[in-house]
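Undergrad: Dropping a prediction and its sequence here:
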Amino acid sequence: MNSLDSMTKKLENTKIYAVKPGGRNYAEIKAFSVGLDMIFNELDEMLREYYIDTAQSYGLTERERFTGAVRDDLSIEKRRELLKIREQTNEKFCTPEAFNKILQGYGLGGFELIENPHENALTVKIYDALDEQNKAWINKMIENDFPAHLAVTVDFAS
């Protein structure tokens, strides 16, 4: 039910107002309902964009900007999938599985982790074809997201 019908019904149920097309009450309620419908539509859109599963545009972009990678070159479904992966990882997990999830969250498909636990070292070999800008971004993200106690080396295989 739209806001015009809702307000008309509620006012007529009071038995005080007669809201008929062409009347003054009807004209005022119709003007209010146009403004209310705009607000309700904007609120519906905001609510939809708040959640990853329903976001279509700026909701995805803002979350991606927060996590460091706006990937508007990908489909909406792929962007949602990457965001879900990125938001499931945090600094409490220091396992190869967690590191794999982090790297998948960056949109990488071909990579290998080589551990050296005795030296607290980790080598990340990346086989994806990336330009220099994306390589710099990946290095920055790994530096930010991987634990500081690990000496992480990134190797971009050509």
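TA: Cool, the structure landed.
Undergrad: Which pLDDT value goes with the one residue sitting closest to the centre of the chain?
TA: For the chain, L60 is the residue whose C-alpha lies nearest the centre (CA atoms, centre = their mean; 3.4 Å). With respect to pLDDT, L60 scores 89.
Undergrad: R65 and T123, how far apart?
TA: Distance, R65 to T123, by CB to CB, to the nearest Å: 29 Å. C-beta: built from backbone N, CA, C; applies to glycine.
Undergrad: swap in P96?
TA: Relative to T123, and taking CB to CB, P96 is found at 12 Å.
Undergrad: so what sits against both of these two?
TA: Contact criterion CB atoms under 8 Å, 6 or more residues apart in numbering; residues shared by P96 and T123: L113.
Undergrad: Neighbour count: those two, which is higher?
TA: Applying other CB atoms under 10 Å to P96 and T123 shows that T123 carries more neighbours, namely 14 against 10.
Undergrad: how about the helix ranked longest in the chain: buried residues?
TA: Secondary structure of the chain per DSSP state H: the longest helix is helix 24-50. The neighbour-count check on helix 24-50 (16 or more other CB atoms under 10 Å) flags Y26, I29, S33, L36, E49 as buried.
Undergrad: Mind listing residues that contact the helix or strand following it?
TA: Once the chain leaves helix 24-50, the next helix or strand it forms, by DSSP states H and E, is helix 58-67. For helix 58-67, the surrounding residues in contact (CB under 8 Å, 6+ apart) are 48-52, 55, 70-72, 76, 79-80, 83, 86-87, 105.
Undergrad: For helix 58-67, what is the distance to the chain centroid?
TA: 5 Å (CA atoms, centre = their mean, to the nearest Å).
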